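In: no sequence on this one, just coordinates:
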């Protein structure tokens, strides 16, 4: 399975990125109540792409597999953020969070609101 590569490290591949807003606003996709984020360190980028949707009340639960720094896999810090900043962003969007499980450098989080 391909691994995410932090910006500036190793080979790159151009990909097309779409936000959740487009398909939801055009009624091609029902707004999801529950979202899972598992992106090998790029969690903050995903949250940023969902920000407007979440600020407008979208989704009530977000599950996140957050990757802490290691020397063998990309982490949130490799993508210019921190675990603390990510969790603070969730809180600023009205979410409370619970750590469900921690295993080595991986943390599973449930964030919910209302």
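Out: That came through fine. As the structure is a prediction and not an experimental result, all values here were calculated from the model.
In: mind naming the longest helix for this structure?
Out: Longest helix of the chain, by residue count under DSSP state H: helix 43-55.
In: so who does the spatially most central residue of the chain touch?
Out: The centre of the chain sits closest to residue 43, judged by CA atoms, centre = their mean, with a distance of 3.0 Å. By CB atoms under 8 Å, 6 or more residues apart in numbering, the contact set of residue 43 is 37, 64, 66, 67, 76, 79, 81, 86. C-beta coordinates here come from the backbone N, C-alpha and C atoms, glycine included.
In: which of those lies closest to residue 26?
Out: Comparing these against residue 26 with CB to CB places residue 37 closest, at 22.4 Å.
In: in the sheet, who's paired with the residue lying closest to that closest one once chain neighbours are set aside?
Out: Residue nearest to residue 37 in three dimensions, not counting chain neighbours: residue 64, with 4.7 Å by CB to CB, 6 or more residues apart in numbering. Per DSSP bridges, residues listed as beta-bridge partners of residue 64: residue 37, residue 109.
In: thought residue 64 was touching residue 111?
Out: Yes: with contact defined as CB atoms under 8 Å, residue 64 reaches residue 111; the gap is 6.8 Å.
In: just to revisit the earlier point, may I see the contacts of residue 43 arranged in a markdown table, with pLDDT as well?
Out: Output for these, formatted as a markdown table (pLDDT from 0 to 100):
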| residue | pLDDT |
| --- | --- |
| 37 | 92 |
| 64 | 96 |
| 66 | 91 |
| 67 | 87 |
| 76 | 89 |
| 79 | 88 |
| 81 | 90 |
| 86 | 94 |
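In: show me where pLDDT drops low in this structure?
Out: Applying pLDDT under 70 to the chain flags residues 1-10, 20-21.
In: all helices of it, in order?
Out: 21-25, 43-55, 83-92.
In: out of these, which is closest to residue 15?
Out: helix 43-55 (12.0 Å).
In: in that closest one, what's buried?
Out: Buried residues in helix 43-55, counted by 16 or more other CB atoms under 10 Å: 43, 44, 45, 46, 47, 50, 53, 54.
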